[in-house]
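Novice: okay, here's the prediction I keep looking at, along with the sequence it came from:
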Amino acid sequence: MTDVEALDADLLRSFPLPHLPEEGDKEERGRLLVVAGSRELAGAAVLAGIAGMRAGAGKLQIATASSIAVPLAIAMPEARVVGCPEMPDGCFARGAIAQILKLAREAQAVTIGCGLQHGDALDDLLDALFASGDDSVLVLDAAVFGSLARRARAVCAWQAGAILLPHSREMALLLDCEAQEVENDPLSAVRRAVERYDAVALVKGRFSFVAAPDGRAFRFEGGGVGLATSGSGDVLAGIVGGLAARGADPLTATLWGVWLHGEAGRILTDTVGRVGFLAREIPDLVPGLLNGDSLGTV
């Protein structure tokens, strides 16, 4: 795989994050909108939101189901939490679309999918979002992957850039293939996703691969088995969204997000155990990694 670059600290020096001046305020660090959570998966919104803030986003808004909005706001006092109309099963209702679009217009990055339930209302929300032409970076994850295969052209047309963060089964949905095909050749799969969606794409696994529309591809070998735990993907989506809100381009945000997530997993493996650490423990390590001596202050 000589055409694949190793994703490590040395590589990241070629992808600097936007400089944050000491005299800057929270507006300069950008606004992240997290569209996440449902009645049964409220914690996904918390994990993604905290991770976005730990990655340095200046302001956080969470759009979620109305039945869980108050406890989420208490769990995350740093966020503005907007409760949206929901269906009896706890999913978004179509009446939520106008609210979410308004919030998206105010954000520099939108992370959408963590803890959502797939359904017609989510399809309608995605159609309305893609039609809006807003200039925020889209970080697409989890529930939305069941809807994107039919909307590949809309993803391609998104001017600010989109980021896809699937694991192998979700990548199979994006490519209309079997998960085993993705697992047999994840590099080929992630490149096919980039070609189909004109977006930065990741396929998560034992070794994770990132590919970009400019043809470059990257392999990350860190992290460890402990990262394969409930909520870990929500944290990654939040980190990537937070970096994009700060002004990082989609490829830079993705590479840094994968590395930060993996390095946090490595540290937790050393300090807690090979398995058994929790997704909620990952975000707290991100600020220290961002300011580590090996990478310089970012």
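Specialist: Nice, thanks for sending it over.

Novice: okay, now the unreliable bits of this structure?
Specialist: 1-2, 21-28, 293-298 (pLDDT under 70).

Novice: in it, which strand has the most residues?
Specialist: Longest strand in the chain by number of residues (criterion: DSSP state E): strand 59-65.

Novice: what are the pairing partners of that one, and which direction each?
Specialist: When pairs are called by DSSP bridges, strand 59-65 turns out to pair with strand 31-35 (parallel), strand 80-84 (parallel).

Novice: most tightly surrounded among those strands?
Specialist: Ranked by mean neighbour count, those are led by strand 31-35 with a mean of 31 (mean count of other CB atoms under 10 Å). All C-beta atoms are positioned from the backbone trio N, CA, C, and that covers glycine.

Novice: show me what secondary structure element comes after it.
Specialist: Sequence order places helix 42-54 as the next helix or strand after strand 31-35, per DSSP states H and E.

Novice: name the residues of the longest helix seen in the chain that are buried.
Specialist: Once the chain is assigned using DSSP state H, the helix that runs over the most residues is helix 250-271. Within helix 250-271, the residues that count as buried by 16 or more other CB atoms under 10 Å are 250-265, 267-269.

Novice: check stretch 70-86 too.
Specialist: For stretch 70-86, by 16+ other CB under 10 Å, it's Leu72, Ala73, Ala75, Met76, Ala79, Val81, Val82, Gly83, Cys84, Glu86.

Novice: and the helices in the stretch 151-298 of the chain?
Specialist: Ranges of helices in the stretch 151-298 of the chain, per DSSP state H, counting those that start in this stretch, are 152-156, 168-175, 179-184, 186-197, 232-245, 250-271, 286-290.

Novice: how about those helices in CSV, adding distance to Asp134?
Specialist: Listed next are the helices of the stretch 151-298 of the chain as CSV, based on distance: least, CB to CB, whole Å:
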stretch, distance to Asp134
helix 152-156, 13
helix 168-175, 22
helix 179-184, 30
helix 186-197, 18
helix 232-245, 13
helix 250-271, 15
helix 286-290, 26
